[in-house]
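Enquirer: I'll drop the sequence and a predicted model, then ask my questions.
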Amino acid sequence: SSADLSLYMANAVKEGQSVKKVNGSTVSEDSISEKEVRALFELWNSALATGDSRIVASRYAKEGVLLPTVSDQPRTNYESIKDYFDSFLLKKPQGKIIDGNIHIGDGWASDSGIYEFTMGATGDKVKARYTYNYIKENGVWKIQ
């Protein structure tokens, strides 16, 4: 109803959220579409293609967590995430999502499923499960 919409907008502004109109509906500026979530994977994959671990690590939130496919050590900060990619990027990996499921909430999104990496250095292919949880940090969607 109009009253509910006015209350939502008043609360959003009070909490410091901005709002926008999309197809006649009001949504939080922190909203994201399924297409945009999938594009976040492509941004990460493009970061891999640079071969620069600093660029890849910058795709993660300040308190992001990486549970690497080929390591049993959780990475929980920029330096440890960068360290993992220092060696992983030597394989020249490029990922492709085979099957994914996207879920979107208020200020967050997740994408999980199966992907396949082709290691450019050897031509090897590796299938693995994945989960990316995304949050907006300083106006930019990052891997949490």
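Expert: Perfect, I can see it now.
Enquirer: Tell me where the protein has helices.
Expert: For the chain, the helices defined by DSSP state H occupy 2-14, 34-50, 53-57, 78-88.
Enquirer: Next, the angle helix 78-88 makes with the longest one.
Expert: What it means is helix 34-50. Counting by axes from the mean of the first three to the mean of the last three C-alpha atoms, to 10 degrees, helix 34-50 lies at 60 degrees to helix 78-88.
Enquirer: quick revisit: let me know which of the helices of the chain is the nearest to I135.
Expert: helix 34-50 (11.0 Å; C-beta to C-beta). Just so you know, the C-beta spots here come from the backbone N, C-alpha and C atoms, and that holds for glycine as well.
Enquirer: How about residues contacting that closest one?
Expert: For helix 34-50, the external contacting residues (C-beta atoms under 8 Å, 6 or more residues apart in numbering) are 55-56, 58-59, 85, 89, 93-95, 97, 100, 102, 104, 109, 111, 132, 134, 141, 143.
Enquirer: Is it possible to get a markdown table of the helices of the chain that adds mean neighbour count?
Expert: Formatted as a markdown table, the helices of the chain follow (neighbours: other C-beta atoms under 10 Å):
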| stretch | mean neighbour count |
| --- | --- |
| helix 2-14 | 11 |
| helix 34-50 | 15 |
| helix 53-57 | 19 |
| helix 78-88 | 17 |
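Enquirer: quick one: which of those helices is nearest G64?
Expert: Taking C-beta to C-beta, helix 78-88 is the member of the helices of the chain nearest to G64, at 6.7 Å.
Enquirer: ok, residues contacting the closest one?
Expert: Residues from elsewhere that reach helix 78-88, judged by C-beta under 8 Å, 6+ apart: 48, 53-54, 56-58, 60, 62, 64, 66, 68, 70-71, 73, 75.
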